[in-house]
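Colleague: quick one: sequence and predicted model below, then my questions.
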Amino acid sequence: MCPGGVEVRVLLAFFTLSLMSPPGWAFAEPASPTISNVGGTIHGKEARVRFRLRNAFTPEMVEALKSGIEISFRITVEVKRIHRNWFNVSMGEIQYTQSIRYDVLSKVYRFHHGGENDLLPDVQSALDRMTRLEVTVPLTGEVARGKPYQAGVRARLDRVGLSEPLRSIIFFSSLWDVETDWAHGPLHAP
């Protein structure tokens, strides 16, 4: 046996393995969840705030949803009157919870929001309803016409509704760490 032949075989093995393994960029982390398109209007003593929740569902969460596991989000929406060179004044805040669950027997998705239930036919419409939101926030204080107002929104996965064994598993899994930073957008006061 020739020692040079061993080196060639080892080099060929490393070369073959390097071609078979994906490059480092293929292991990129999924995009983190965010809130976008925050905006809305103020009418009388309430603000209607619209926004989108993006990148909230990992593929593992979608598969869990399809197998009947309920997924809930707790959303915090706050409304502030913006003052220049001064402290902003809080006008109202609400915590809103919505959830979605696949009903295996009736083969529909049950979307629970604000005390109401909607039945949705497929997973795409369920995900769309969970991520495209409009929330009404009751306001305190007087609303001044033409003054600047702003809505702030933050969302996180509500693990309270999950079963105890699933909560224990999810505690150790970063795939289910869904929490956004605050996102802000203007509110129009006619």
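Modeller: Everything's here; your move. Owing to the predicted nature of the structure, the values given are computational and were not obtained by experimental measurement. Numbering: from 1, shown residues only.
Colleague: state the next helix or strand along the chain beyond the helix or strand containing residue 78.
Modeller: Taking DSSP states H and E as the criterion, residue 78 maps to strand 71-81. Proceeding N to C from strand 71-81, the next assigned helix or strand is strand 89-103, under DSSP H and E.
Colleague: pairing partners for that next one, with directions?
Modeller: strand 71-81 (antiparallel), strand 108-113 (antiparallel) (DSSP bridges).
Colleague: so for residue 183, which of those sits nearest?
Modeller: Across the strands paired with strand 89-103, residue 183 has its closest neighbour in strand 71-81 (10.4 Å, Cβ to Cβ). Using the backbone N, CA and C atoms, a C-beta is placed for each residue, glycine as well.
Colleague: winner for burial among the strands paired with strand 89-103?
Modeller: Using mean count of other Cβ atoms under 10 Å, the stretch among the strands paired with strand 89-103 with the greatest mean number of neighbours is strand 71-81 (a mean of 21).
Colleague: indicate which one of the strands paired with strand 89-103 is closest to residue 151.
Modeller: Comparing these by Cβ to Cβ, strand 71-81 comes nearest, at 5.5 Å.
Colleague: now the strands for this protein?
Modeller: Using DSSP state E, the strands found in the chain span residues 34-43, 46-54, 71-81, 89-103, 108-113, 116-120, 132-138, 149-157, 183-188.
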